[in-house]
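Novice: Okay, sequence plus prediction incoming.
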Amino acid sequence: MNTTAALPDAPNKKKSLSLRRYSARVGFLLVLPWILGFLLLKAFPILAALWYSFTDFHMLQPDQIHFIGLQNYLTFLKDPAAGSSLFRSVSYFITTVPIEMIAALLLAAIFASERLRGKRILRTLFFMPSIIPAVAISIVISGLANPTTGWLSLYILNPLHLPPISGRGTLYPIILALWTVGPGFLIMLGAMLNVPREIYEAARVDGAGPIAAFIYITFPMISPAVFFSLVINMISSFGGVALLDRGLPYSQSLSPMESYISRVMFGSDLNLGYASALAWVMFIVIMAITLALFASTRYWVHFAEEQGDAEI
Amino acid sequence: MQRSNRRGLFHHADASTLTLRLWEFTGTALLNLLIWLSVVVFLSPLSFMVITFLKSADQLRDGNAPTYPAKLQTLTYKGQTLLVYNVPTSSGVKNWAMLDRFRTYSDFIDPANLQAGPIRWNGFWGSLTLHYNPGITFENFTNLWKTVPYPRLLRNTFIVIGLGELGILLSSIMVAYGFARFPVPGGKTLFLLLIATIMIPDSITLVPTFVLFGRVFNWDGTFYPLIVPQFFGSAIYIFLLRQNFKSIPRDLDEAAMLDGAGPLRTLFSIIVPQSIPTIVTVALLFFFNGWNEMKMASLYLGVRPDLQTIAFSAQASPSYGFTPQTLQASALVLMIVPVVVIFLAQRYFMQNMIIAGVEK
């Protein structure tokens, strides 16, 4: 296979047809693992889930599958627990993602300042919690919020005569959201440091203050990075893994809908057909939100022109 | 004359240089103070964890014990173990061991001067506080080590991460190389599809992959569902690597190919060495994710306790009946490896997460 002049895509060079065909074939072979993975682990499961969602597929009777039409979807419409899980999933996304984005943006803006000392260690300290497994976080937060021995009660709530805060229910999701700020923060910081200094210089000469400079220069310049972080945070808020895995099983997913689906699947029901229908409802909701986000980019994201194929 | 900081929070237009310097200095000091304070608050749950697991079991039962890890000071006197109190006297507070206590007076012994014999102190002993010495204990880790089979958990975790790392790096690098350098038929569409798969939620593929792995392949209770999918590459890693490969000048691989190197040799002798920082970043991302991974582990390893990974096993620790201190110690054991890795690799990792953002 060691041809002497395999110059794939070389500009201004005459390429023979066989050479082009050869490099296309090499490229295809290189990409093949992903194509197979896509078909086997993404495309086929998505379609299979669609088929299951129209059946009464049951974990204990895998041989008896009957087509039952839209019945699973009708069950969803009448299932208050499913509706509330879906609602809570979407509200978790709506409430936490803006907090994460604002925290990351603020942190990145502070880190872009030349006045900050000890940036390297601070950056690692702010990023570090993003890689701590959620199990460990949950243990620490439960201890912290313990009504008799936790610091939160001993030093903040009791002196102020406030009622105890539930560690698992209230504090944990907040800490988990804030402790996920790392990747977004680094991505936006990287983009901010990449903005040419001359633009700020020119703006200052024109009399723009720091806030105006942020609104009219920094934000538009880093908007692709903001969008990238937004997508990453959206994926994790729905229980997925974008860059870093929080280490939550399906049953404890950040997204209540995902835990509900796994409960239908493995709980007392073992109803794979209904679980698939719920998964498809969730899929459609997430895809609608994703498409809306991508459609919104034309109003606020300024993609660089030459990177045409990098943006979606 | 007027030197205002471009990105400064404090912009002072018409001021003398001195006032301006003063402003800048105050602003800088405030900014640094604020950010260090916020990092302390941000990480305060972790300091709670550290301070708690250094405490002994006795200390948590003791309502009067101080916040920091401490031990009660005691004195063994004539075969008896005596507690040491903080005793106010006319010559300051003394740390004396209590021999005997009565309603209006108590007898103490001075640990520093045993020969002096009992000292009578007039007052009600109930008003005295016990004396603590700062002191840490590692007994929580010993307890933990006895209960949790860490060597086995670590072995399982490293098997899963090691083989997964091999799979994910090989496949993602090859696929990224294909997308970056070759005219793959329909390449642009395929790449868009690849990006789109990042957005697909796990729950949609949950049921069919469970049927495929668990029922069709019969992989329930094996490492296969955690390792095999890695050999098909990961969309986000392929994206990061492709962006990096595209930034390497083509002249280098063209020269190698003119010298007779085939595509794979060009990849491993030119592209890979040029991309070590990004590859290390991807390897680290996968390492953290493999360490934390819980979805696949909880689906397929539940039936085989001997194959469980560290994160999956830690999920059960709140039900082991550990003391609160031992529980905090188990949280530390769970997070210490990724935390040490991030500090050792911060130079690589932080820099490349930044580049990853810029490339987009």
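Specialist: Noted; the coordinates are in hand. Numbers count the residues shown, from 1 in each chain, chains lettered A, B, ... in the order given.

Novice: Show me where chain A has its helices.
Specialist: A:17-37, A:44-52, A:71-78, A:80-112, A:119-127, A:134-144, A:151, A:172-178, A:182-193, A:197-205, A:210-213, A:219-237, A:256-266, A:272-300 (DSSP state H).

Novice: wait, the stretch 1-150 of chain B
Specialist: For the stretch 1-150 of chain B, applying DSSP state H, counting those that start in this stretch gives helices covering B:17-42, B:44-53, B:57-61, B:139-147, B:150-181.

Novice: closest one to chain A among the ones you listed?
Specialist: helix B:150-181 (3.0 Å; CB to the nearest CB). Using the backbone N, CA and C atoms, a C-beta is placed for each residue, glycine as well.

Novice: how many degrees apart are the closest one and helix B:139-147 in direction?
Specialist: 90 degrees (axes from the mean of the first three to the mean of the last three CA atoms, to 10 degrees).

Novice: can you tell me if helix B:150-181 touches chain A.
Specialist: Yes: contact of helix B:150-181 with chain A (CB under 8 Å from any CB of the partner chain) involves B:171, B:174-175, B:177-179, B:181.

Novice: Once you drop chain neighbours, what's closest to residue 179?
Specialist: As the question left the chain open, I've gone with chain A. Nearest residue to residue A:179 in three dimensions, chain neighbours excluded: residue A:129, at 3.7 Å (CB to CB, 6 or more residues apart in numbering or on different chains).

Novice: Wait, chain B was what I had in mind.
Specialist: residue B:242 (4.8 Å).

Novice: so what pLDDT did the one you found get?
Specialist: With respect to pLDDT, residue B:242 has a value of 93.

Novice: now do residue B:45
Specialist: 94.

Novice: Over to residue B:2?
Specialist: Per the predicted model, pLDDT is 42 at residue B:2.

Novice: ditto for residue A:292
Specialist: Residue A:292 is given a pLDDT of 95.

Novice: same deal with the one 4 residues further on?
Specialist: The model reports residue A:296 with a pLDDT of 93.

Novice: Out of the helices of chain A, the one nearest residue B:263 is which?
Specialist: Proximity to residue B:263 (CB to CB) singles out helix A:17-37 among the helices of chain A, at 4.9 Å.

Novice: Against which helices or strands is the closest one packed?
Specialist: helix B:150-181, helix B:187-198, helix B:263-266 (3 or more CB pairs under 8 Å, 6 or more residues apart in numbering or on different chains; DSSP states H and E).

Novice: Just send those helices back as CSV, with mean neighbour count too.
Specialist: Converted to CSV, the helices and strands packed on helix A:17-37 look like this (neighbours: other CB atoms under 10 Å in any protein chain shown):
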stretch, mean neighbour count
helix B:150-181, 21
helix B:187-198, 17
helix B:263-266, 20
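
Novice: closest to residue A:89 out of the ones you listed?
Specialist: Of all the helices and strands packed on helix A:17-37, helix B:187-198 comes closest under CB to CB, at 18.7 Å.

Novice: which residues make contact with that closest one from outside it?
Specialist: Residues outside helix B:187-198 that contact it (CB atoms under 8 Å, 6 or more residues apart in numbering or on different chains) are A:27, A:31, A:34-35, A:38, A:42, A:231, A:235, A:242, A:309, A:312, B:179, B:184, B:235-236, B:238-239, B:242.

Novice: Got a PyMOL select line for the buried ones in these?
Specialist: This is the PyMOL syntax for the buried subset of the contacts of helix B:187-198, where burial follows 16 or more other CB atoms under 10 Å in any protein chain shown:
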select buried, (chain A and resi 27+31+34+35+38+42+231+235+242+312) or (chain B and resi 179+184+235+236+238+239+242)
